[in-house]
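Student: just to be clear, the model below is a prediction. Sequence and coordinates:
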Amino acid sequence: MRLAVTGTPGTGKTTATDLLEREYGIDVVHCNELIENEGISTGVDTDRDSAIVDLDALESRLADREDCVLDSHLAHHLPADRVAVLRCDPEDLEDRLLERGEPEAKARENAESEALDVILAEAVDRHGREAVYEIDTTDREPGAVADEIHAVRQGTRDPSAGTVDFVGYLA
């Protein structure tokens, strides 16, 4: 079972997947570390100060990792049996990103992306509604989020694409 855990930066992916690794002994691949350590990029987007990831190279590098959890805001672009999309209220998300030192413009862009369901839409487009599970991390402890992800992996949670709505942030 390959589970992709994805979401806008700041939704809590790495915190929750670190707990999955420690509490449940699940093999977690932190794709962003892999991208950085193995140079799996085609350059830098200077406007966003981020790597331009070679998704084909990343997919090739992960070809032998079948029973694992993929952690990245790009994980939904990779082959997976199920996709957990972590969501967070855009105002809280913007605050989280600013607290960790992101520039205001980047934090706002990510908050708007969250309100517009960008990653959710991409995940549904690639994997289908029946394979996508939204998890709202707003005001939730990381352990509770990790438990929800574990339930997705175990197949004890129903798919839930389209259940979280933050479009009011844009008003």
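Tutor: Happy to help now that I have it.

Student: and the helix or strand encompassing Ala146, what does it pack onto?
Tutor: Element membership of Ala146 [criterion: DSSP states H and E] is helix 142-154. In terms of contacts (3 or more CB pairs under 8 Å, 6 or more residues apart in numbering; DSSP states H and E), helix 142-154 is packed against strand 2-7, helix 13-24, strand 82-87, strand 132-136. (Each C-beta comes from the backbone N, C-alpha and C, glycine too.)

Student: mean confidence for it?
Tutor: Summarised as a single mean, pLDDT over helix 142-154 is 97.

Student: same check, this time on stretch 27-38
Tutor: pLDDT averaged over stretch 27-38 gives 91.

Student: name the residues that touch that stretch?
Tutor: Around stretch 27-38, the neighbours that count as contacts under CB atoms under 8 Å, 6 or more residues apart in numbering are 14, 17-18, 20-21, 40-41, 51, 53, 58, 61-62, 65, 67-75, 78.

Student: buried ones in that stretch, by neighbour count?
Tutor: 28-32, 34-35 (16 or more other CB atoms under 10 Å).

Student: and for stretch 65-83?
Tutor: 68-78, 80, 82-83.

Student: can you name every helix or strand that the lowest-mean-pLDDT helix or strand in the chain contacts?
Tutor: Ranking every helix and strand in the chain by mean pLDDT, DSSP states H and E puts strand 41-45 at the bottom, with a mean of 78. Packed against strand 41-45 by the contact rule (3+ CB pairs under 8 Å, 6+ apart) you find strand 50-53.

Student: sheet partners, orientation included, of the strand it packs on?
Tutor: If you go by DSSP bridges, strand 50-53 pairs up with strand 41-45 (antiparallel).

Student: quick check: buried residues in the partner strand?
Tutor: Neighbour-count burial for strand 41-45 [16+ other CB under 10 Å]: Ser41.

Student: now it - C-alpha only, PDB.
Tutor: Output of strand 41-45 as PDB, limited to C-alpha atoms (Å, rounded to 0.1, in the frame of the first residue of the first chain):
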ATOM      1  CA  SER A  41      15.200  19.300  -9.700                       C
ATOM      2  CA  THR A  42      15.600  21.100 -13.000                       C
ATOM      3  CA  GLY A  43      16.400  24.500 -11.500                       C
ATOM      4  CA  VAL A  44      15.000  27.200  -9.200                       C
ATOM      5  CA  ASP A  45      11.800  29.200  -9.400                       C
END
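
Student: hmm, who's touching it?
Tutor: 35, 50-54.

Student: one more: stretch 46-59?
Tutor: By CB under 8 Å, 6+ apart, the surrounding residues in contact with stretch 46-59 are 31, 34-36, 40-45, 74, 77-79, 103, 106, 109.

Student: if we use 10 Å, what do you get?
Tutor: Residues outside stretch 46-59 that contact it (CB atoms under 10 Å, 6 or more residues apart in numbering): 9, 29, 31-32, 34-36, 38-45, 60-61, 70, 72-75, 77-79, 102-103, 105-106, 109-110.
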